[in-house]
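Engineer: Generate coordinates for the sequence data below:
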Amino acid sequence: MNERSDQQLLSAYAQGRDDAAFAELVRRHVDAVHSTARRLLVDPHLAEDATQNAFVALARQAADVTRRLERGATLSGWLHLTTRNLASNAVRTEVRRRAREREAIDMQNETSGNDAPPWESIAPHLDPALAELGDPDRDALLLRFFERKTAREIGERLGIGEEAAQKRVSRALDRLRGVLAARGVAVASGSLAGTLAANAVQVAPASLVASTTAAVVAMPVGSIGAASGISWIMKATQLKTCVTAALAIALAIVAVVEHRANRRLRAETEALRAAVDVAGAGESAPLPVAAAAGPSEELLRLRGEVARLRREQSDAAKLSAENRALRAEAMQRGTARAAGEADADQEEAKRRGIAKMVFAKDWVLACVLFASENGGEMPSGFDEARKHFPKHADASVPEPADGPTEADFEIVYRGKLDDLSNPPAAIVLREKEAFANFGGVGMARTYGFADGHTEIHRAADGNFEPWELQHVPKRKTAGQ
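Structural biologist: Prediction:
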């Protein structure tokens, strides 16, 4: 049994319902599938459910997958894509269905420092990054690090020589490192292979093989080969409960980022109070210069996230006002006037940047809600989605008179959300005119993306076209 290939085992199951052959397939691949599900869903029980569902999908589509293997595809690649789709489709469906305000989880007491261990930094981005690679590169990495094959075994599986297999794995690692770097995860050139080898696949619970095999064996014979395998699973299982965990983690990450920014402002305020006290005693002390905070990367489209961002914006505005008052008092007592003016300008630039990002996020959310009610089609203009744009009646969150308006932005994608092959990199909303970057170096412009996050992108030469071309929405192709 162990000498038969994945294709032979799956063919035996598809043609004769050979349960022993399928059990061997589960034994071979359960660790890799479970590790992928664990990274995506975090919760161990949800990961076990997703693992079982991936193999149930394989059983239901055994004949179709067998034909793919005959054409040169790998079972590892199919299982990885299926596991990822099961989780991401569930999250997307639940987000659109719920679409209501949700408060982010307070993680202030759980945050300790800014440096995360390498694997903890890589793991959340690994599977989306693998999905961006071409099939040959992804298959090479899955065979090497997920199935722990040698270069010779990879060459035999892919029909190439051992040296060519080594080169393919090396090139695939370089491309994966580039995708991770584009997502903000810098990995040293010599450490990625070792990190993947040590952490990519973890041993699944011993009971999972038996329970998964039993679930497949218990399936009705007529269900094998059904065309709607994954859709049937999504309706018949409890996998949709993963949404709570996935959204909670995503929102908690955003909460931590914003909390750190607020904490820096409070620290600055205390430092300014100390400077004023020193100046009042007849001594001079330099004013601290606030560091420019870059745009945070939000992960999900939720009203609760927008509401929390607005509260953070209000807190930041109050702290900024207090800082400006303290600087004015400090300057009156003889402290550095030039530094105070520069800091005030920087605070104003921060305020305007936050306002633009919140405004863009509100409209991206409104467009997504419109699409959820119109067959996935994005609106052609702001008027169509206006009823979904949030109305903020909270007096503690003032609407500045000089804030952004619809006339400052344009919708640049009007197709279906489901047609986007990479939503986190697909621009759907853009600020019409670039503005001068703080400090006078280059220009900047605000963008909203299909996954709900917003960015302020900066171009030193003022030319945004090359960067925008890389983020023009791309539609899905067959097989994706």
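
Engineer: Can you give me the domain assignment for this structure?
Structural biologist: 6-236, 244-469 (automatic domain parsing).

Engineer: What residues sit buried inside stretch 11-23?
Structural biologist: By 16 or more other Cβ atoms under 10 Å, the buried positions in stretch 11-23 come out as Ser11, Ala12, Tyr13, Ala14, Arg17, Asp18, Ala21, Phe22, Ala23. For every residue, glycine as well, the C-beta is placed using N, CA and C.

Engineer: among those, which are in helices?
Structural biologist: Members of those lying in helices (criterion: DSSP state H): Ser11, Ala12, Tyr13, Ala14, Ala21, Phe22, Ala23.

Engineer: excluding its backbone neighbours, what's nearest Gln7?
Structural biologist: Nearest non-adjacent residue to Gln7, counting by Cβ to Cβ, 6 or more residues apart in numbering: Leu69, 4.1 Å away.

Engineer: List the contacts of that neighbour.
Structural biologist: Counting by Cβ atoms under 8 Å, 6 or more residues apart in numbering, Leu69 touches Asp6, Gln7, Leu10, Leu75.

Engineer: What is the least confident helix or strand in the protein?
Structural biologist: Least confident element among the helices and strands of the chain, by mean pLDDT, DSSP states H and E: helix 229-236 (a mean of 46).

Engineer: before we move on, back to that, that's a strand at the residue nearest to Gln7, yeah?
Structural biologist: No. Going by DSSP: H, G, I helix; E, B strand; the rest coil, the assignment for Leu69 is helix, not a strand.

Engineer: separation between it and Glu347?
Structural biologist: Distance, Leu69 to Glu347, by Cβ to Cβ, to the nearest Å: 60 Å.

Engineer: just Leu79 next, same as before
Structural biologist: In this view, Leu79 and Glu347 are 51 Å apart by Cβ to Cβ.

Engineer: more neighbours, these two?
Structural biologist: More neighbours surround Leu79 than the other of Leu79 and Glu347, with 25 against 22 (other Cβ atoms under 10 Å).

Engineer: Go ahead and confirm that one touches Leu58.
Structural biologist: Yes. Using Cβ atoms under 8 Å, Leu79 is in contact with Leu58, at 6.8 Å.

Engineer: Please identify the buried residues of stretch 66-82?
Structural biologist: If you call a residue buried by 16+ other Cβ under 10 Å, then stretch 66-82 has these buried ones: 66, 68-69, 73-82.

Engineer: Return the subset of those residues lying in helices.
Structural biologist: The helices, defined by DSSP H, take in Thr66, Arg68, Leu69, Leu75, Ser76, Gly77, Trp78, Leu79, His80, Leu81, Thr82 from the buried residues of stretch 66-82.

Engineer: For these, work out which two are farthest apart.
Structural biologist: Largest separation among those by Cβ to Cβ: Thr66 and His80, giving 17.6 Å.

Engineer: of all the buried residues of stretch 66-82, which two lie farthest apart?
Structural biologist: Pairwise over these, using Cβ to Cβ, the maximum falls at Thr66 and His80, 17.6 Å.

Engineer: In space, what's closest to Ala460 - neighbours in sequence excluded?
Structural biologist: Gly442 (4.0 Å).

Engineer: which residues touch that neighbour?
Structural biologist: Contacts of Gly442 (Cβ under 8 Å, 6+ apart): Arg458, Ala459, Ala460, Asp461, Gly462.

Engineer: With respect to Asp419, which of those is nearest?
Structural biologist: For these, the minimum distance to Asp419 (Cβ to Cβ) is 28.1 Å, reached by Ala459.

Engineer: give the contact list for the closest one.
Structural biologist: Shown in contact with Ala459 (Cβ under 8 Å, 6+ apart): Ala434, Gly442, Met443, Ala444, Arg445, Trp467.

Engineer: residues near the last one, how many?
Structural biologist: Yep, that's Trp467 we're talking about. Around Trp467 there are 14 residues (other Cβ under 10 Å).

Engineer: The strand or helix carrying Val169 packs against which elements?
Structural biologist: Using DSSP states H and E, Val169 maps to helix 162-182. Counting contacts by 3 or more Cβ pairs under 8 Å, 6 or more residues apart in numbering; DSSP states H and E, helix 162-182 packs against helix 118-132, helix 135-141, helix 151-158, helix 192-199.

Engineer: Let me have those helices in a markdown table, extended by distance to Asp451.
Structural biologist: Shown next, in a markdown table, are those (distance: least, Cβ to Cβ, whole Å):
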| stretch | distance to Asp451 |
| --- | --- |
| helix 118-132 | 10 |
| helix 135-141 | 21 |
| helix 151-158 | 33 |
| helix 192-199 | 25 |
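
Engineer: circling back to that earlier point, check the domains of the chain for me: which has the lowest mean pLDDT.
Structural biologist: Looking at the domains of the chain, the lowest mean pLDDT belongs to domain 244-469 (a mean of 70).

Engineer: Pull up the gap between Leu208 and Asn199, please.
Structural biologist: In terms of Cβ to Cβ, Leu208 sits 19 Å off from Asn199.

Engineer: for the host helix or strand of Val216, which positions count as buried?
Structural biologist: Using DSSP H and E, Val216 maps to helix 206-217. Buried residues in helix 206-217, counted by 16+ other Cβ under 10 Å: Leu208, Val209, Thr212, Thr213, Val216.

Engineer: Can you list the helices and strands that that helix packs against?
Structural biologist: On a contact count with 3+ Cβ pairs under 8 Å, 6+ apart, helix 206-217 meets helix 19-41, helix 44-60.

Engineer: which other residues reach that helix?
Structural biologist: Contacts to helix 206-217, defined as Cβ under 8 Å, 6+ apart, come from residues 19, 22-23, 26-27, 30, 34, 48, 51-52, 55-56, 59.

Engineer: what angle separates it from helix 19-41?
Structural biologist: 120 degrees (axes from the mean of the first three to the mean of the last three Cα atoms, to 10 degrees).

Engineer: could you check the angle helix 44-60 makes with helix 206-217?
Structural biologist: Using the same axes, to 10 degrees: helix 206-217 against helix 44-60 is 40 degrees.

Engineer: distance of the closest residue in space to Arg386 that isn't next to it in sequence from Ala63?
Structural biologist: Ranked by Cβ to Cβ, 6+ apart and with sequence neighbours excluded, the top spatial neighbour of Arg386 is Ala366, at 7.4 Å. Using Cβ to Cβ, Ala366 is found at 44 Å from Ala63.

Engineer: Please flag which of the contacts of Ala459 sit within strands.
Structural biologist: Of the positions in the contacts of Ala459, Met443, Ala444, Arg445 sit in strands, assigned by DSSP state E.

Engineer: What's the PyMOL syntax to select whichever of those are buried?
Structural biologist: Buried subset of the ones in strands among the contacts of Ala459, written as a PyMOL selection, criterion 16+ other Cβ under 10 Å:
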select buried, resi 443+444+445
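
Engineer: what's the closest of the ones in strands among the contacts of Ala459 to Val187?
Structural biologist: Nearest to Val187, judged by Cβ to Cβ, of the ones in strands among the contacts of Ala459 is Ala444 at 27.7 Å.
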